[in-house]
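Asker: dropping a prediction and its sequence here:
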Amino acid sequence: MELYERGEKAYIKAYGRYDTILEKGEGVYVYDTKGQKYLDFYSGIGVNSLGHCYPKYIEKLDKQLHTLNHVSNYFYTPVGIEAAEMVVKATKLDSVFFCNSGAEATEGALKLARKYYYLKHGKADSEIISFNSSFHGRSTGSVKLTGNAHYQEAFGPLIEGVKYANLNDLDSVKALIDDKTAAIIVEPVQGEGGVNPCDKEFLQGLRKLCDDNDIVLILDEVQCGMGRTGTMMTYFQYDIMPDIVCLAKGLGCGVPVGAFVANEKVAKAMVPGDHGSTYGGNPFVCAAVKAVFEILEEDDILTHVQQISAYLVDKLDEVTNDFDCVEGHRGLGLMQGLVIKGSAKPVVKGLLDEGVIVVTAGENVVRMLPPLIIDEANVDEFIEKLKKVLNEMK
Ligand SMILES: *Cc1c(COP(=O)(O)O)cnc(C)c1O
């Protein structure tokens with residue numbers, strides 16, 4: 001049997017997969033089983049910020065594999081404590097809970113916000129405000145936070161008490177706030193929903209609404225955090241602080257790790273027994289987290305992101321001007337979306353055939369989430385192939 005057919009037989013078909021089978025990666029390229037080379041402009045959905053097989057990263061993980069992999073959360077480990085301190089420092093918050101994915105990070109943040117509300121009100125009837133076109137994960141709690149009915153339809157009953165406002169529309173949020181509102185959860189830049197950045201006044205307005213009403217502000221930076229937009233956390237560009245931030249994707253750069261990080265006021269609502277995870281933040285993944293922070297700093301990657309993203313944005317301006325089928329582009333740093341008049345799918349497929357991997361966001365957006373280490377030659381290669389595909393679509 002062909003490898004692809006074997007996969008189709010052995011896997012539950014929750015995904016529509018390409019028939020390309022990827023076998024290895026090196027730097028910003030991945031290779032399929034036929035030896036075809038692809039420019040990775042999506043980083044496994046924003047995960048592989050350091051590209052593939054970054055030497056210093058491998059070295060540090062290899063060392064940890066030979067030291068200690070897992071002990072459960074009955075015990076601290078030196079590497080776990082170091083990773084936790086680094087997360088706290090990088091977010092400018094106070095304490096962290098490690099989990100295994102983005103969905104678990106938002107789910108955990110939700111539980112923490114509910115517990116905070118419970119201690120204040122003495123009852124568990126809290127409500128959460130989320131946003132249309134948001135994405136917060138696929139577990140039955142996080143999928144309810146996700147403002148996309150299509151992902152929820154078949155899986156009810158889901159958790160109760162979630163309402164949806166419109167991004168960048170403060171009045172739509174105000175209209176939903178009442179004395180049961182425990183938290184507002186928002187992505188500073190919506191990823192899956194179409195690469196939609198929050199306006200500065202909007203996010204600052206949310207912060208003020210939360211302050212005025214003692215509501216917990218949860219920022220979901222699972223996709224936009226960890227340097228992707230040019231600052232360690234995207235909220236640094238908005239001059240606000242969340243009460244809780246959710247991280248995953250670029251946090252481990254390829255090992256499954258997520259986290260929710262909170263300020264002291266909210267964090268102290270959780271006490272032993274309230275939440276848990278068997279694997280969450282085990283020594284192996286914490287070695288990855290630690291390696292990621294060390295490499296981001298040692299190799300001055302945030303400065304690089306600021307420079308190379310400006311270069312990419314200039315080129316996307318050109319593409320927007322040159323092609324009628326392109327409506328525009330939007331995003332922050334190396335989280336960019338090219339808005340197509342019509343479906344983005346043919347562009348994504350066309351690029352794959354040309355040896356470039358990107359993903360869609362929403363219906364009509366080609367989403368670029370390249371490794372943070374791309375250089376100008378990589379951008380040039382991407383733009384050249386993008387132009388070729390767009391030309392063929394004319
Ligand atoms: C990917 C993503 C999630 C879910 O992460 P998983 O690891 O797939 O569970 C949550 N929030 C945002 C903003 C994401 O982009």
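Answerer: That came through fine. Residues are numbered from 1 along each chain as shown.
Asker: quick one: contacts for His52?
Answerer: Residues in contact with His52 (Cβ atoms under 8 Å, 6 or more residues apart in numbering) are 24-30, 40, 371. Quick note: C-beta positions are derived from backbone N, CA and C, even for glycine.
Asker: recalculate using a threshold of 10 Å.
Answerer: Contacts of His52 were listed using Cβ atoms under 10 Å, 6 or more residues apart in numbering, and they are 24-31, 40, 43-44, 58, 253-254, 371.
Asker: just Met393 next, same as before
Answerer: 323, 325, 340, 342, 346-347, 350.
Asker: mind doing that once more with 7 Å?
Answerer: Each residue near Met393 by Cβ atoms under 7 Å, 6 or more residues apart in numbering is listed here: 325, 346.
Asker: just checking, which helix or strand of this protein averages the lowest pLDDT?
Answerer: helix 149-152 (a mean of 94; mean pLDDT, DSSP states H and E).
Asker: name the helices or strands packed onto that one?
Answerer: Here helix 149-152 touches helix 142-145, going by 3 or more Cβ pairs under 7 Å, 6 or more residues apart in numbering; DSSP states H and E.
Asker: the strands in the stretch 201-350 of the chain, which residues?
Answerer: Remark: strands assigned in the stretch 201-350 of the chain by DSSP state E, counting those that start in this stretch are 216-220, 244-247, 258-262, 326-332, 335-340.
Asker: which one of the residues in the stretch 51-200 of the chain is closest to the ligand?
Answerer: Residue nearest to the ligand within the stretch 51-200 of the chain: Gly102 (2.1 Å; Cβ to the nearest ligand atom).
Asker: and that residue, what does it touch?
Answerer: Gly102 makes contact with 137, 222, 246, 248-249, 258, according to Cβ under 7 Å, 6+ apart.
Asker: hmm, 6 Å instead?
Answerer: Contacts for Gly102 were tallied using Cβ atoms under 6 Å, 6 or more residues apart in numbering; they are 137, 222, 248, 258.
Asker: nearest to Asn69 among those?
Answerer: Nearest to Asn69, judged by Cβ to Cβ, of the contacts of Gly102 is Gly258 at 18.0 Å.
Asker: touching, the closest one and Ala105? I think so.
Answerer: Yes: using Cβ atoms under 6 Å, Gly258 is in contact with Ala105, at 3.9 Å.
Asker: ok, those two, which is more surrounded?
Answerer: The residue with more neighbours, out of Gly258 and Ala105, is Ala105; 32 against 28, by other Cβ atoms under 10 Å.
Asker: need the phi and psi values for that one.
Answerer: Main-chain torsions, Ala105, degrees, to the nearest 10: phi -70, psi -50.
Asker: look at it and report its pLDDT.
Answerer: pLDDT recorded at Ala105 is 98.
Asker: repeat for Lys394
Answerer: At Lys394, pLDDT is 69.
Asker: show me how far the least confident helix or strand of the chain is from its chain's centre.
Answerer: How far helix 149-152 lies from its chain's middle: 19 Å, per Cα atoms, centre = their mean, to the nearest Å.
Asker: returning to what we had before: what is the nearest of the contacts of His52 to the ligand?
Answerer: Using Cβ to the nearest ligand atom, Gly44 comes nearest to the ligand of these, at 10.7 Å.
Asker: could you look up the SS state of that closest one?
Answerer: Here Gly44 takes the helix state, with states given by DSSP: H, G, I helix; E, B strand; the rest coil.
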